[in-house]
Each structure stands twice: as C-alpha cells, then as structure tokens.
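1. Give me the fold of what follows.
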Amino acid sequence: MDSARKGPAITARELTKRYGDVEAVRGVSFEVARGEIVGFLGPNGAGKTTTVRMLTCFLPPTSGTAWIHDLDVRERPRDVKRILGVCPQEDNLDPDFHVLKNLLVYGRYFGLPRRVVRDRALELLAFVALSDKAHAPIMALSGGMKRRLILARALLNEPRVLILDEPTTGLDPQARHAIWDRVRGLRAHGTTVLLTTHYMEEASQLCDRVVIMDGGTILLEGTPQELVEREVGRTVVEAWNYGEDFLNFLRALPGRLEELGGRLYFYPQEGDHIERTFDQRFPQQDRLIRRATLEDVFLKLTGRALRD
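-> Predicted coordinates:
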C-alpha cells in the first residue's frame, strides 16, 4: 500500500507532563509520517527525553495523549511496545552476558522462537559491525560499540518505529558517524525514526525534519534547510575582540545582532557584500563569515547556545 495513504507513524496531541509545580513538557503536538526521520533538537532539560518516555509508555502523560500507528499509548501500551524499538540515552546492557547473549535474552521478551531470535541477532550484529565481538564481554566494548549494540537490540523485534534518545552523546566523531551510517541504512527499509539530540550536525545530517524544543515547548519545526533560511538567512558574521566602534557599526546595519559569551553574531539581511564592507572599514577585526546553521536558529530563538 502507498505509504502516503496511511496515517502518521506518530501523533501527539497536547502532551503534558508535570512534576508537582514543574511542567517538564507543556502541551506539545506533532506528527511523524511513516518512513520519516525526525529529530527533536534542543539543550539538556528542553523536554526531549520526557516526551520520548511518554511516547514509549515508560512515563504516563499528565494530560494529552499520543498514538503510535493508531495505537493509543495510554490505553494500549503493550501493543505499542510490540511495534516500537527504543534506544535509551543510558547504557542498560547486561554486564553478566556477552554481546550475543544480550540480544538473545532480550529477544525472548517478544515471544519469538529461539531460532528466529538467533538469526536476527546475528544479522543485526553484522549490520552494526560487531560480528567479531559476538562473544566478547560487555565491559570489553568501547562506548561507540555499546551504542551500536543497543541500536541492534532495539531492532530485534523488527519495529515499525524506532526511537533514539541522544544516540551519540559522549561518542567521538568516528563512533558518531558509524551510528549515523546505520540509522541511514534503516531508511531503505521504511523504518520510521524519531531521535533526540543536542548536536546540530546530527540533526542536519540525519533528519528529514527537525523539531526545536526548549523549556518543554516546541518552538519551531521544518526541514533543516528551510528553518535556517527562513529564520536567520544564509550568512553569519562571528566576531570577537571587538570594540565599541565595531559594535555600533553592526547595530547600524540591517540585520539581527546577538552577543553571547564574548562573541558577536550578526545575521545580515543581505550578505553578498558583507565581507568587502568589513575589509574596507575594519580590516584588523577578528571575525569569521560562515554559512548559518541550526545552532544559529536556536540562538536567535532563545538568546543562548544549544550546549550552554
């Protein structure tokens, strides 16, 4: 059946979570289409993980609800979990079992025949490039290997929807790119992916759409390119070690100016000739003229960086 005729893979309506007087998530609503990769981008404490925990039936909403493939997470949590794969933020592998055994034991929770679980486990170890570590103890794995194993475990039940909570936090660039390659590989199988991240590059590289969160609310959503071009334009001027003359000069130009951590960020309305202008007026000024990113979008929206 044409996926365009199906309902969304994920639907959230006015999801709210309160802890006493604190609202961790404040009435968020969104949809994720089947086969889409959507990233929730925001700093720690934005409400991303709380939202994920409500979607995966680990945390009941205070109000509002969500559906995974038309299954209500409040009314049918057992059915929801059967079609979900979850890669949590924390390392919760069992240190008492070797790599393959971790997958075999986990697969039994879904009531799958032993032979099916073993075949899938071996296929997934190959998929995440861990076949040569099948009988290695968990403690012998690097951080990147553990994250890849957790990803393999999340795929054992052949989920329709995969949820990745900060999948590459704490990993070096090589390990991070290895995870990205595996997530991209899932797209060919039509798997829907929702991931949370505070890495701008991760959201830009992997996601069809990005949802920017802060303070428990959704600020913006759209494709990475359209968010950047719509909110800040194509060009950013970063400057440091600046004086009052340079600051006043920028204030007089058409555009938006932000100051953060001893740096200036200027988003000109017209960036085509900005470098020549600076060369003529302030040739000695420390500066960098670069393409705008999702980090700049977040800075514009909140006045602070993604990773304060």
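2. Every contact and neighbour count from this point should use C-alpha atoms.
-> Will do.
3. residue boundaries of the helices in the stretch 51-200 of the chain?
-> For the stretch 51-200 of the chain, applying DSSP state H, counting those that start in this stretch gives helices covering 77-82, 99-108, 114-127, 143-154, 173-187, 200-206.
4. so is the closest residue to T293 other than its chain neighbours in a helix, a strand, or just coil?
-> Closest residue to T293 apart from its sequence neighbours, by C-alpha to C-alpha, 6 or more residues apart in numbering: V228 at 6.1 Å. Following DSSP: H, G, I helix; E, B strand; the rest coil, we place V228 in the helix state.
5. Contacts for stretch 126-145, please.
-> Residues from elsewhere that reach stretch 126-145 (C-alpha atoms under 8 Å, 6 or more residues apart in numbering): 93-101, 122, 125, 146, 148-149, 151-152, 168, 170-172, 175-176, 182.
6. which among the residues you listed end up buried?
-> Buried subset of these (neighbour count, 16 or more other C-alpha atoms under 10 Å): 93-94, 97-101, 122, 125, 146, 148-149, 151-152, 168, 171, 175-176, 182.
7. show me what contacts the closest residue to N241 other than its chain neighbours?
-> Take N241 and drop its neighbours on the chain: the residue closest to it by C-alpha to C-alpha, 6+ apart is D286, 6.5 Å away. By C-alpha under 8 Å, 6+ apart, D286 lies in contact with 239-242.
8. Show me what the lowest-mean-pLDDT helix or strand in the chain is packed up against.
-> The least trusted helix or strand in the chain, going by mean pLDDT, DSSP states H and E, turns out to be helix 274-281, with a mean of 84. Using 3 or more C-alpha pairs under 8 Å, 6 or more residues apart in numbering; DSSP states H and E as the contact criterion, no helix or strand is in contact with helix 274-281.
9. so how far is that helix off the chain centroid?
-> The chain centre lies 37 Å from the centre of helix 274-281; the measure is C-alpha atoms, centre = their mean, to the nearest Å.
10. Tell me where the protein has strands.
-> Assigned by DSSP state E, the chain shows strands spanning 10-19, 22-32, 37-41, 63-68, 71-72, 84-87, 161-165, 192-197, 209-214, 217-222, 235-240, 255-260, 263-268, 287-291.
11. could you dump these to JSON lines with distance to A129, mean pLDDT and mean neighbour count?
-> Formatted as JSON lines, the strands of the chain follow (distance: least, C-alpha to C-alpha, whole Å; pLDDT from 0 to 100; neighbours: other C-alpha atoms under 10 Å):
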{"stretch": "strand 10-19", "distance to A129": "30", "mean pLDDT": "97", "mean neighbour count": "18"}
{"stretch": "strand 22-32", "distance to A129": "29", "mean pLDDT": "97", "mean neighbour count": "18"}
{"stretch": "strand 37-41", "distance to A129": "22", "mean pLDDT": "95", "mean neighbour count": "27"}
{"stretch": "strand 63-68", "distance to A129": "30", "mean pLDDT": "96", "mean neighbour count": "20"}
{"stretch": "strand 71-72", "distance to A129": "33", "mean pLDDT": "96", "mean neighbour count": "18"}
{"stretch": "strand 84-87", "distance to A129": "17", "mean pLDDT": "95", "mean neighbour count": "23"}
{"stretch": "strand 161-165", "distance to A129": "19", "mean pLDDT": "96", "mean neighbour count": "24"}
{"stretch": "strand 192-197", "distance to A129": "20", "mean pLDDT": "95", "mean neighbour count": "25"}
{"stretch": "strand 209-214", "distance to A129": "28", "mean pLDDT": "95", "mean neighbour count": "23"}
{"stretch": "strand 217-222", "distance to A129": "33", "mean pLDDT": "96", "mean neighbour count": "18"}
{"stretch": "strand 235-240", "distance to A129": "39", "mean pLDDT": "92", "mean neighbour count": "19"}
{"stretch": "strand 255-260", "distance to A129": "41", "mean pLDDT": "88", "mean neighbour count": "15"}
{"stretch": "strand 263-268", "distance to A129": "41", "mean pLDDT": "91", "mean neighbour count": "21"}
{"stretch": "strand 287-291", "distance to A129": "35", "mean pLDDT": "91", "mean neighbour count": "14"}
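12. quick revisit: just give me the closest of the contacts of D286 to T293.
-> A239 (16.3 Å; C-alpha to C-alpha).
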